[in-house]
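A.B. asks: Curious how this folds, go ahead:
(2 chains)
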There are 2 protein chains.
Amino acid sequence: MSIFEKARELAVIQSSAAVIGWDQETYLPPDAVEHRAAQLAWLSSHAHELATSEAWKHELEAAQAANPGDDPKLTANLRELRREFDRATKLPVELVARESTACSLAKHAWAAARIRSDFAAFAPHLETLLGIAREKADLWGYSGEPYDALLEGYERGTSTAAVAELLDTLRPALRETAARAVEKSASRAPSLPPGPYPIAAQQRLNAEIAESIGFDFRAGRIDTTTHPFCTTLGPRDIRMTTRYDESDFTSSLFGVLHEAGHGMYEQGVPGEDFGLPSGTTVSLGIHESQSRLWENHVGRSRALWNRWYPKAREYFPQLAEFPLEKFLAFLWRAEFSPIRVEADEATYDLHIILRFSLERRLLNGSLAVADVPAAWNESFRELFGFTPANDRVGCLQDIHWSMGGLGYFSTYTLGNINAAQLFAAARRDPAIAAAIDAADYAPLLAWLRKSVHAHGATLDPADLLQQATGSRPSTADYLAHLRSRYL
Amino acid sequence: MSIFEKARELAVIQSSAAVIGWDQETYLPPDAVEHRAAQLAWLSSHAHELATSEAWKHELEAAQAANPGDDPKLTANLRELRREFDRATKLPVELVARESTACSLAKHAWAAARIRSDFAAFAPHLETLLGIAREKADLWGYSGEPYDALLEGYERGTSTAAVAELLDTLRPALRETAARAVEKSASRAPSLPPGPYPIAAQQRLNAEIAESIGFDFRAGRIDTTTHPFCTTLGPRDIRMTTRYDESDFTSSLFGVLHEAGHGMYEQGVPGEDFGLPSGTTVSLGIHESQSRLWENHVGRSRALWNRWYPKAREYFPQLAEFPLEKFLAFLWRAEFSPIRVEADEATYDLHIILRFSLERRLLNGSLAVADVPAAWNESFRELFGFTPANDRVGCLQDIHWSMGGLGYFSTYTLGNINAAQLFAAARRDPAIAAAIDAADYAPLLAWLRKSVHAHGATLDPADLLQQATGSRPSTADYLAHLRSRYL
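C.D. replies: This is a model prediction of the structure:
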């Protein structure tokens, strides 16, 4: 079996685990959890075995040696397979197993600690996971600082310093925009008319809008979970989920628009290359750019609601007395919340700036785990002007650290930056801009397919951005977008 | 790894394939079919490889050699693992692959031939599959006739001659009961009041009744498919499906009661032995006995509807003017249909008698494939008194042969016979009978758990029956049941 056949086999195994994982989140009966864990463990151990095997290495090296170098896709595929193989094999099996156990324990400890707002109960677990993250960083290697090695796994080809520079540029501008947006919103943002907004009607509206922006339901579906997500079960099998609030239909809808953005990216990478880098999405920062583009630039636009608000009023008669202008003001409301996942566009990245700085200091040793709550609260007050009421809504709010996900948060803001830059670039084509303004998104999607999706993971994210938009990641378009929407 | 650890690993793989297969039937997006086939193929090839490996054989033989013989469960587990291993390894890989290809082709050909009622188009495929079935029978070996070797895979420890004897006993009695039931029904059976019977209300009623008879929804669920089925995704994860007809709520309900019978059996075998014979259901004839017991002996009983008809009337107000007696007459209606899957209790086994006889003759060479339509129609007229209008509703109606499922049909009637025998035996306990008559099924289920489910596959079906009811499979209780219900 060639390395490409092996890579496809690996994708078959991993996508089988994805089916089983999806079912676990959507339809699993309560008592089935234990056996489900055994099924997932079996598949992931087989996937890991295959991807780190001597046979894999042998075939990969044979293909590298035989590569004439005149086919950029082939060269990129071999280069990326090599990068993944090296990252996977640099970690000893013992470390991977130790991390998995530590994460299981940490997740339980975090959930309990959060309920009781008891950071001290979580601190030893964070200490352990931080130690493991540093070990991994050392094994993977880095030129600047440990955060670099972790970031590389989520956003290859970038550096902590580059991310820090972007966030440093954003910080003062964001603080100003956010403060003014929140002030304006406090005096003007209306409440949505009272529910119920029946779930069946929400589901119809969500599906119609998702289909109209280009999500292909022949190759995907929407189900219900507590936390919305999107997962890929095969090249033509993209499942997203959302949750329903009968008092606010926009909650499920914006969940769907966000996940549909992820889903359309997955549906847009070359399906015939499924399992190869050229048939895979490239990074979290690019993935998040697709979800945020459709959620915020399209989903919260006046153009979309010019077209869809009449339909929403058909499904939800209580909107009859709620003018479109008020609805838009509702969508564009801004407020300072202690909770990241509830944050609006105007304030979201302040949460990320805080986390990025803390993680970086934790990893380079300039912040001790015991000092996290104080550092969090101090930083929060600086950015938001108040202190969270307790650690539950402060430094214990996110699940990421308990899953070993250090180095991850910054990709959310990279996604926001990339989304704005891609959207602005697409709009420079007058035909695309005119279509967007008429709520016809086929030309925009075609542009994204060609400029982003078609490349799979053959280009580094920053090179992809450069090629698609003419410049490296930059905050200009994003700040312009926020100012135009909120000020 | 011991043979028992290996057997559990095999069960993890096979149950993973079951998750993926269940999703394929319930929620798969249309374009995802191709990749799904690759996932299933990968898992089944790994399962097959493991279950036929030298390492498996070695561990099995080591365990057999080390067995002191003083633990009946251990001895039974080793014996049955050996039986399965021998059956699996007696077939060369080439034959298994050839059969798989032949079935794929035959299934497509059958579907097309059925639509056009064109037996000649299907005949060459049936010829091929019949040849393969004979090859398999020769490789497995048999003492009487080829049908024995196939039957052994579905109903171990029985023989074609024993089945033939049961069916020969049934045949005249069934013909008489069926004819009288149909005659009576023609003059008396009412129609259900017109729909719609809303699907949401059907779902609530079905779930309530299924739960009340003992299906455990912590370890299972109901979804929707065109053809109802029940599948096991883990020891505590039993999924059943049904289909909805808005003009007749009993269609989905009896689908659920039938599948719940299968499901309660799966929920009742010892979960801690999942993957071992002692934690597995034993045969199709015993499986079908559980589904038919709950569907027909319980589900179509006056006692159940004394309790549940008021609830059905709450959900479906149009039943207010439809007295319980009429509803029962509706449930007990009988008619001669050319189609097996539409047949009622009174006429069902006539369909099986016909198929059993034809299959047996096909396998022993006394019936040529080309003569199947004529033989079918002749036999059908003898049993039912009329000839099917065409082969579509005659010899082309069932999917089984196109899937290589020869030797399978007879287990449906074994199921009916076993169900009646078990139900009658349970009722000999006055406390159980009294509870059943009060629509309290906990004592009946407890008896089935103890008498049938708890044994897993450690006893041959006929021995299981003997132990549970005091006698070998016999038609007496079944005929008594049919006469009491229909005459």
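A.B. asks: C-alpha from now on. contacts and neighbour counts both.
C.D. replies: Fine.
A.B. asks: How many neighbouring residues does A:E54 have?
C.D. replies: 11 (other Cα atoms under 10 Å in any protein chain shown).
A.B. asks: next one: A:Y478
C.D. replies: 20.
A.B. asks: for the strand or helix carrying A:T177, packing partners?
C.D. replies: Here A:T177 sits within helix A:160-188, counting by DSSP states H and E. Identification of packing neighbours for helix A:160-188 by 3 or more Cα pairs under 8 Å, 6 or more residues apart in numbering or on different chains; DSSP states H and E yields helix A:146-154, helix A:348-364, helix A:476-486.
A.B. asks: Please state the offset of the following helix or strand past the second one from the chain centre?
C.D. replies: Read that as helix A:348-364. Counting by DSSP H and E, the element after helix A:348-364 in chain order, helix or strand, is helix A:372-384. Distance of helix A:372-384 from its chain centroid, counting by Cα atoms, centre = their mean, to the nearest Å, is 24 Å.
A.B. asks: Check stretch A:182-194 too.
C.D. replies: That offset, for stretch A:182-194, works out to 28 Å (Cα atoms, centre = their mean).
A.B. asks: Buried residues, that stretch. List them.
C.D. replies: A:182, A:184-185, A:189-190, A:192-193 (16 or more other Cα atoms under 10 Å in any protein chain shown).
A.B. asks: which residues are contacting it?
C.D. replies: Stretch A:182-194 is contacted from outside by A:247-248, A:318-319, A:322, A:326-327, A:329-330, A:332-336, using Cα atoms under 8 Å, 6 or more residues apart in numbering or on different chains.
A.B. asks: With secondary structure, pLDDT and neighbour count as extra columns, can I get those in TSV?
C.D. replies: Supplementary listing: the contacts of stretch A:182-194 in TSV, determined by DSSP: H, G, I helix; E, B strand; the rest coil; pLDDT from 0 to 100; neighbours: other Cα atoms under 10 Å in any protein chain shown:
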residue	secondary structure	pLDDT	neighbour count
A:S247	coil	97	15
A:D248	coil	97	18
A:Q318	helix	97	16
A:L319	helix	98	19
A:F322	coil	97	15
A:K326	helix	96	16
A:F327	helix	97	20
A:A329	helix	95	16
A:F330	helix	96	16
A:W332	coil	95	19
A:R333	coil	95	22
A:A334	coil	95	25
A:E335	coil	94	21
A:F336	coil	95	22
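A.B. asks: which pair in the residues you listed spans the largest distance?
C.D. replies: A:Q318 and A:F336 (28.3 Å; Cα to Cα).
A.B. asks: So for the following helix or strand past the helix holding A:T177, mean pLDDT?
C.D. replies: Counting by DSSP H and E, the next helix or strand C-terminal to helix A:160-188 is helix A:199-213. For helix A:199-213, mean pLDDT is 98.
A.B. asks: Does helix A:199-213 reach chain B?
C.D. replies: No: counting by Cα under 8 Å from any Cα of the partner chain, no contacts exist between helix A:199-213 and chain B, the nearest distance being 12.2 Å.
A.B. asks: From the contact counts, what lies against that helix?
C.D. replies: helix A:249-268, helix A:302-315.
A.B. asks: Apart from its chain neighbours, what residue comes closest to A:L167?
C.D. replies: A:I353 (6.5 Å; Cα to Cα, 6 or more residues apart in numbering or on different chains).
A.B. asks: my guess is that neighbour contacts A:E165, does it?
C.D. replies: No: counting by Cα atoms under 8 Å, A:I353 stays clear of A:E165, with 11.2 Å between them.
A.B. asks: What are the contacting residues of stretch A:362-376?
C.D. replies: A:119-120, A:123, A:126-127, A:130, A:133-134, A:145-147, A:354, A:358, A:361, A:391, A:394-395.
A.B. asks: Of the buried residues of stretch A:182-194, just say which sits nearest to chain B.
C.D. replies: Nearest to chain B among the buried residues of stretch A:182-194, counting by Cα to the nearest Cα, is A:P193 at 28.0 Å.
A.B. asks: Quick check: the closest one vs A:Y309, distance?
C.D. replies: 14 Å (Cα to Cα, to the nearest Å).
A.B. asks: Repeat that for A:A162.
C.D. replies: From A:A162 to A:Y309 the distance is 41 Å (Cα to Cα).
A.B. asks: and these two? which has more neighbours close in?
C.D. replies: A:Y309 (17 against 11).
A.B. asks: Touching, the more buried one and A:L324? I think so.
C.D. replies: Yes: counting by Cα under 8 Å, A:Y309 does reach A:L324; the two are 7.1 Å apart.
A.B. asks: What's the local residue count around A:F386?
C.D. replies: 15.
A.B. asks: Am I right that it is in a helix?
C.D. replies: No: A:F386 is assigned coil when assessed by DSSP: H, G, I helix; E, B strand; the rest coil, not a helix.
A.B. asks: quick revisit: how about TSV for the buried residues of stretch A:182-194, with pLDDT added?
C.D. replies: As requested, the buried residues of stretch A:182-194 are exported to TSV (pLDDT from 0 to 100):
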residue	pLDDT
A:V182	95
A:K184	91
A:S185	91
A:A189	81
A:P190	92
A:L192	97
A:P193	97
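A.B. asks: Turn those into a markdown table, including distance to A:R114.
C.D. replies: Compiled in a markdown table, the buried residues of stretch A:182-194 are given as follows (distance: Cα to Cα, whole Å):
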| residue | distance to A:R114 |
| --- | --- |
| A:V182 | 28 |
| A:K184 | 33 |
| A:S185 | 30 |
| A:A189 | 31 |
| A:P190 | 32 |
| A:L192 | 31 |
| A:P193 | 33 |
